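Peer 1: curious how this folds, go ahead:
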Amino acid sequence: MSTSIRGGKAGKARLMDVANAAGVSIATASRVLSKPHLVREDVKERVHQAIKILNYTPDRIARALSSGRNTTVGAIVPTLGTAVFAEGVECLQNRLDDLGYTLLLGNSQYDARKECKQIQAFLEHSVAGLLLVAGDLAPASLKLIKSSRVPVVATYMQESPYGFPTVGINNEAATARLAEHLISLGHTRFAIISNTARANARSAARRDGAINAMKAAGLTVRPELVVEVDTPTIINGRAAMNGILAASSDVTAVICTTDALAVGALAECRSQNLRVPDDISVTGYDDMELAAQVDPPLTTVKIPVREISLRAVDILVAMISGRTTEQKVELDASIVYRESIAPPRSDRLGKLGTP
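Peer 2: Alright, predicted model coming up:
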């Protein structure tokens, strides 16, 4: 073999070092370890020579090679600061543990570049599969996944733009139903607070569902009353609500794409002496535990977190095992009606006139 491979410090090499030394991609080096039958003999020889020279033999790889079964799965969520994703991770870990798998967890913080680095790190660990809250993958992330041929399941959406098997809900339809209910109560003046200032396909679908329902009802959607924030925090929800109230005094209903944003909106309404729902109705999305405890309790969309997690793990494990499995599982997202919504007051409607 003519390729020259330089040595490194024992015990210090990473899969990236092996790949660079062998003149292949990280995904190819990973595939040599996890799926050698998919790699050409000359490439396998270079990678194995690099592994030997660099002394790259982590215990996890050695176990996988000796047993012929990789039992590590990577999962990346946007944040652990949201109850929905925290609960989902716990369900993932419990289910994977029951099936004999180990979970590696990443937190992208809604940053596509961080998500890409975490995907690369997981591939360096030769994970058997990936669980993603997918919808806005960076091109580099998609390239890594496709070149690695690692099984992927996308969650919290009813379909993936990249063709991955999915387990999730129809976010757009859920907020459309919520908006239609508010319209049936008599609301015609809406505002929306959405965490879509950075790419977020799930929240974009929620926002669009509300907008489409309003347009279908013949209502005007004012751009200045569709406020976008980058992260779904209570502080951002409060700031967005402050901007809405400064821009318009005639809004009677505010739809938020997460519960945290809605809780912030409630706080800002209270600080400006607006009563919810007497003066203005507010809705959220997620049905986190806090939603039922705030004053007033929040009307919201409930995500079937446990069911999504369990079905996603089962599908991924089937894919890892080479079994035929479902490509799309759509679960129901139900609306939980609480005291944060009511028909708009007749005296306000009289002053507002026709939208």
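Peer 1: what about the closest residue to residue 298 other than its chain neighbours, which SS state?
Peer 2: Spatial nearest neighbour of residue 298, chain neighbours left out: residue 291 (4.2 Å); criterion: CB to CB, 6 or more residues apart in numbering. Placement of C-beta: from N, CA and C, glycine included. The three-state label given to residue 291 by DSSP: H, G, I helix; E, B strand; the rest coil is helix.
Peer 1: got the CA coordinates for the helix or strand hosting residue 215 in CSV?
Peer 2: Assigned by DSSP states H and E, residue 215 falls within helix 201-216. C-alpha atoms of helix 201-216 as CSV (Å, rounded to 0.1, in the frame of the first residue of the first chain):
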residue,chain,number,x,y,z
ALA,A,201,-40.0,23.9,11.0
ARG,A,202,-42.2,22.7,13.9
SER,A,203,-43.0,26.2,15.1
ALA,A,204,-43.3,27.5,11.5
ALA,A,205,-46.0,24.9,10.9
ARG,A,206,-47.8,26.0,14.0
ARG,A,207,-47.7,29.6,13.0
ASP,A,208,-48.8,28.9,9.5
GLY,A,209,-51.7,26.7,10.7
ALA,A,210,-53.1,29.7,12.6
ILE,A,211,-52.6,32.1,9.7
ASN,A,212,-54.2,29.8,7.2
ALA,A,213,-57.3,29.3,9.5
MET,A,214,-57.6,33.1,9.8
LYS,A,215,-57.3,33.6,6.0
ALA,A,216,-59.8,30.8,5.4
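Peer 1: how far off centre is whichever helix or strand comes after it?
Peer 2: Next in sequence after helix 201-216, counting helices and strands by DSSP H and E, comes strand 226-228. Relative to its chain's centre, strand 226-228 lies at 20 Å (CA atoms, centre = their mean, to the nearest Å).
Peer 1: I'd like to know which elements strand 226-228 is packed against.
Peer 2: Counting contacts by 3 or more CB pairs under 8 Å, 6 or more residues apart in numbering; DSSP states H and E, strand 226-228 is packed against strand 190-194, helix 234-247.
Peer 1: so can I have TSV of those showing distance to residue 284, mean neighbour count and mean pLDDT?
Peer 2: Converted to TSV, those look like this (distance: least, CB to CB, whole Å; neighbours: other CB atoms under 10 Å; pLDDT from 0 to 100):
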stretch	distance to residue 284	mean neighbour count	mean pLDDT
strand 190-194	10	27	98
helix 234-247	9	20	97
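Peer 1: for residue 54, which of the ones you listed is the nearest?
Peer 2: Evaluated with CB to CB, those place helix 234-247 nearest to residue 54, the distance being 46.2 Å.
Peer 1: check which element follows that closest one along the chain.
Peer 2: Past helix 234-247, the next helix or strand by DSSP H and E is strand 253-256.
Peer 1: got the buried residues for the helix or strand following that following strand?
Peer 2: Following strand 253-256 in sequence order, the next helix or strand is helix 259-271 (DSSP H and E). Within helix 259-271, the residues scored as buried using 16 or more other CB atoms under 10 Å are 259-269.
Peer 1: what's the angle from the helix holding residue 215 to strand 190-194?
Peer 2: Relative orientation of helix 201-216 and strand 190-194, computed by axes from the mean of the first three to the mean of the last three CA atoms, to 10 degrees: 170 degrees.
Peer 1: give me the packing partners of helix 201-216, helices and strands only.
Peer 2: Here helix 201-216 touches helix 171-184, strand 190-194, going by 3+ CB pairs under 8 Å, 6+ apart.
Peer 1: please report phi then psi for the closest residue to residue 77 other than its chain neighbours.
Peer 2: In this structure, residue 77 finds its nearest non-sequential neighbour in residue 85, 4.4 Å apart by CB to CB, 6+ apart. Taking degrees, to the nearest 10, you get phi -70, psi -30 for the backbone angles of residue 85.
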